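1. Got a sequence here, can you build the structure:
(one chain, ligands or ions: 2)
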Amino acid sequence: MRLLHTMLRVGDLQRSIDFYTKVLGMKLLRTSENPEYKYTLAFVGYGNNPDHAELELTYNWGVDKYDMGSAYGHIAISADDIYQTCDQVRAAGGNITREPGPVKGGTTVIAFITDPDGYKVELIERADNAGGGGLGS
Ligand SMILES: C[C@@H](O)C(=O)SC[C@H](NC(=O)CC[C@H](N)C(=O)O)C(=O)NCC(=O)O
Ligand code: NI
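-> Ligands and ions are numbered 1, 2, ... in the order given. Okay, the predicted model is just below:
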């Protein structure tokens, strides 16, 4: 089995596509519309399934905001140079809610940003091909 995607409901599809492509360097992989049920999907990521997990951005026509509740945590993305990535996020108008620095009690360098809808995205500094060595290692 493989992790295929995470679905996020968004209030403005182009705004979210711009964030994940222009700010976080993802590609727009495909889109689809469902006129009958009035929604549009946009899949973004660093590559296609099955080699890469994707984000499924769901826009329900006419719905521009959601109650984010308190259950959602974050999605995590690796960054070769987290300081440079955060500078790029800032320069592109992204919101950094936790500046880069070692995780509490550990050495892994992380940062948190929020996307246009307020979904948290964790940046973890590691070479893309790194594996294992969980947080705090
Ligand atoms: C394409 C595949 O990956 C899907 O996730 S389609 C699942 C389907 N999505 C929708 O109907 C989108 C619009 C709907 N109003 C919504 O906001 O989810 C679905 O079954 N969604 C229900 C769900 O709980 O995800
Ligand atoms: Ni889905």
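2. Look up the closest residue to the residue in the chain positioned nearest to ligand 1, ignoring the ones flanking it.
-> In the chain, the residue found nearest to ligand 1 is Y39; the distance is 3.9 Å by CB to the nearest ligand atom. Quick note: C-beta positions are derived from backbone N, CA and C, even for glycine. Among residues not flanking Y39 along the chain, N60 sits closest, at 4.9 Å (CB to CB, 6 or more residues apart in numbering).
3. Count the residues that sit near L4.
-> Counted with other CB atoms under 10 Å, residues neighbouring L4 total 12.
4. contacting residues around it?
-> Neighbouring residues of L4 by CB atoms under 8 Å, 6 or more residues apart in numbering: 49-50, 53-54.
5. Would you list the phi and psi of the residue of the chain closest to ligand 1?
-> Torsion angles at Y39 (phi, psi; degrees, to the nearest 10) stand at phi -150, psi 160.
6. quick one: pLDDT of it?
-> Listed pLDDT for Y39 reads 98.
7. ok, residues contacting stretch 113-129?
-> Counting by CB under 8 Å, 6+ apart, 8-12, 15-16, 19-20, 24, 65-66, 68, 72-82, 85-86, 89, 94-97, 100, 108-112, 133, 135 sit against stretch 113-129.
8. and with 7 Å instead?
-> Residues outside stretch 113-129 that contact it (CB atoms under 7 Å, 6 or more residues apart in numbering) are 8, 10-12, 15-16, 19, 68, 72-80, 82, 85, 89, 94-97, 108-112.
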